[in-house]
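S.K.: Compute the structure for the input listed below.
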Amino acid sequence: MNNLSLDEALIIIKKSRDKANEISVPACIAVVDNSGYLIAFERMEEAILASIDISINKAFTSVALKMSTDRLSEVATPGKDLFGINTTNNCRIVIFGGGYPIYSDNKLIGGIGVSGGSAKEDMIIAKAGIDKY
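M.R.: Numbers count the residues shown, from 1 in each chain. Below you'll find the model as predicted:
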């Protein structure tokens, strides 16, 4: 498998939405292919408008850099090697938690980005969506 299918992306979104509902966090959930292009997206009722772009960009970031956005935050702080990376790629790089690359058989097949709660809540919601990968 080289990429997530639409059906798989929709399953990931449903699992993430279920977790978001469980922890009472209205969120935006984006799933991208292995090139960072959007496959599927959902904005839950009452999710804030800013979370639309943030979730899509978290998913993009996780694929573009092949790492979770919370891990990126560790190396993008002042004095670290990647400080300022969030100003590249038309400012699409997000350096706080909620974005994860998705691998299958050690191959990058896509990414997920969640925005709507705290970074920790976004991470919990995203991880719930990709727990089978």
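S.K.: Show me what the spatially most central residue of the chain is bridged to.
M.R.: For the chain, Gly113 is the residue whose C-alpha lies nearest the centre (C-alpha atoms, centre = their mean; 1.6 Å). When assigned by DSSP bridges, Gly113 has beta-bridge partners Ala30, Gly99.
S.K.: Quick check: buried residues in the lengthiest helix in the chain?
M.R.: In the chain, taking DSSP state H as the definition, the longest helix is helix 6-22. The neighbour-count check on helix 6-22 (16 or more other C-beta atoms under 10 Å) flags 8-9, 11-13, 15-17, 19-20 as buried. Quick note: C-beta positions are derived from backbone N, CA and C, even for glycine.
S.K.: sorry, back to before: wait, isn't the residue nearest to the centre of the chain in contact with Phe60?
M.R.: Yes: between Gly113 and Phe60 there is a contact under C-beta atoms under 8 Å: 7.2 Å.
S.K.: which neighbours do the two share?
M.R.: Shared contacts of Gly113 and Phe60, defined by C-beta atoms under 8 Å, 6 or more residues apart in numbering, comprise 32, 99.
S.K.: low-confidence ranges in the chain?
M.R.: Under the criterion pLDDT under 70, the flagged ranges of the chain are 133.
S.K.: where along it do the strands fall?
M.R.: Counting by DSSP state E, residue ranges of the strands within the chain are 28-33, 38-43, 99-104, 107-115.
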